[in-house]
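Novice: how would this look folded up:
(one chain, ligands or ions: 1)
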Amino acid sequence: MVGSALVRKLEMSAGHCIITRSRQELDLTRQEEVEAFFAHECIDRVYLAAARVGGIKANQEMPADFLRENLQIQTNVIHAAHTAGVGRLLFLGSSCIYPRLAEQPMAEEALMSGPLEPTNEAYAVAKIAGIKMCESYRRQHGSDFRSVMPSNLYGPNDNFDLDTSHVLPALLRKFHTAATTGGQTVTVWGSGRPRREFLHVDDMASASRHIMDLSPAQYWSVAKPHCSHINVGSGTDVSIVELARLISAITGFKGQITFDSSMPDGTARKLLDISRLKALGWQPETSLEEGIAQTYAWMVEHWNQVGETA
Ligand code: GDP
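Specialist: Numbering: from 1, shown residues only. As a prediction, this is how the structure comes out:
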């Protein structure tokens, strides 16, 4: 999802050649393949968006996969980029790096100030390691390796699999299915009380490009050597029940919303402090309503491929 949004964004301007590899063409968990790729291509800038990602259920059930695959991907890419002399790299993390009880909105300095949320601790530890790798390569080798931490992303090419997806695509799929098949109820996991901040993936791509293009002096005037990452969010959050009502209205569902208290809530609230991002001159453009409506239209248009994921 993020990779294709970045390509759409980069294609809007000329003057560069975009090099991509699909998962089938290059397995980023394999060090030798990654080193051979970087040795063969001549790459100036790297957007490291590749990761094993998933929603609360997948994170809980497969922590070993989330930890191992993300550590492998980011270690292989960051080190191969350094070895190949890549000038600049942008590592994409996640807002789950922050402590479970972090003060809201969460500033970059909250990193490692308390225990993590257990439902996605393994993924968070991998992403924290990625930030620290970028900082360490800068300290030891002078590499201009930067990091951005997005809130919950959504948009075209999202994962709509109900077992492994995040909440927004899962609810789009559940409400659409109910609305079009005469379903009377839609079940939302947990209490509906947790609050989440959502960002359209095109805004994420635009922020990533903006941060990548800043001069070292601009970026490092805001980023700090031991706290170098930049939060990327919309600046507002909604409760899961508010999100469910919004999606219900957009899909035209007329039935009842029920809550499955046997499913976990996860972190009570995840809202990012985006002061650093604003100081660097970037603001989000897509409202949640517009973004969901656009993603809903995309999902319906691609229902054949979306519907294949059970
Ligand atoms: P999180 O932000 O890491 O907690 O990941 P998710 O996006 O998977 O979940 C966010 C919140 O939405 C949690 O409180 C979930 O329990 C809740 N939620 C409600 N219904 C669903 C659903 O159908 N799928 C998912 N993934 N989460 C849901």
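
Novice: can you map out the helices along the stretch 201-310 of the chain?
Specialist: Along the stretch 201-310 of the chain, counting by DSSP state H, counting those that start in this stretch, helices occupy 201-213, 216-222, 240-251, 275-279, 288-301, 303-307.

Novice: no wait, the stretch 1-150 of the chain
Specialist: 2-11, 31-40, 56-61, 63-83, 121-141.

Novice: from what I can see T185 touches K254, true?
Specialist: No: using CB atoms under 8 Å, T185 is not in contact with K254, being 11.1 Å away. For every residue, glycine as well, the C-beta is placed using N, CA and C.

Novice: Look up how far the ligand lies from M106.
Specialist: Distance from M106 to the ligand, counting by CB to the nearest ligand atom, to the nearest Å: 13 Å.

Novice: oh, I was asking about R138
Specialist: 29 Å.

Novice: The closest residue to that residue other than its chain neighbours pairs with what?
Specialist: Using CB to CB, 6 or more residues apart in numbering and skipping residues adjacent in sequence, the residue nearest R138 is F145, 5.7 Å away. Going by DSSP bridges, F145 is paired in beta bridges with L89.

Novice: Isn't F145 up against R139?
Specialist: No: judged on CB under 8 Å, F145 makes no contact with R139 at a distance of 10.3 Å.

Novice: The two - which one has more neighbours?
Specialist: More neighbours surround F145 than the other of F145 and R139, with 26 against 12 (other CB atoms under 10 Å).

Novice: Quick check: the more buried one vs V86, distance?
Specialist: F145 sits 9 Å away from V86, taking CB to CB, to the nearest Å as the criterion.

Novice: Likewise for P150?
Specialist: For P150, the distance to V86 - CB to CB - is 22 Å.

Novice: now swap in S248 and tell me
Specialist: Counting by CB to CB, the gap from S248 to V86 is 46 Å.

Novice: now L153
Specialist: L153 is 24 Å from V86, by CB to CB.

Novice: Please say which of the two ends up with more neighbours.
Specialist: Comparing L153 with V86 by other CB under 10 Å, the one with more neighbours is L153, at 25 against 21.

Novice: is it true that that one lies in a strand?
Specialist: Yes: according to DSSP: H, G, I helix; E, B strand; the rest coil, the state of L153 is that of a strand.

Novice: Isn't it up against L199?
Specialist: Yes: contact criterion CB under 8 Å: L153 and L199 qualify, at 5.6 Å.

Novice: In the chain, which residue sits closest to the ligand?
Specialist: Nearest residue of the chain to the ligand: G55, at 2.8 Å (CB to the nearest ligand atom).

Novice: what sits against that residue?
Specialist: Contacts for G55 were tallied using CB atoms under 8 Å, 6 or more residues apart in numbering; they are T164, S165, H166, V167, A170.

Novice: Check I73 too.
Specialist: Going by CB under 8 Å, 6+ apart, I73 touches L28, T29, L48, A50, A51, R52.

Novice: and of the residues you listed, the nearest to A279?
Specialist: For the contacts of I73, the closest approach to A279 (CB to CB) belongs to L48, at 23.4 Å.

Novice: Counting neighbours, what do you get for the closest one?
Specialist: Neighbour number of L48 under other CB under 10 Å is 21.

Novice: what's the pLDDT at it?
Specialist: L48 carries a pLDDT score of 98 in this model.

Novice: go on, Q305?
Specialist: At Q305, pLDDT is 88.

Novice: Use 21 as the first number for this chain going forward.
Specialist: Will do, 21 is the new start, and the previous item becomes Q325.
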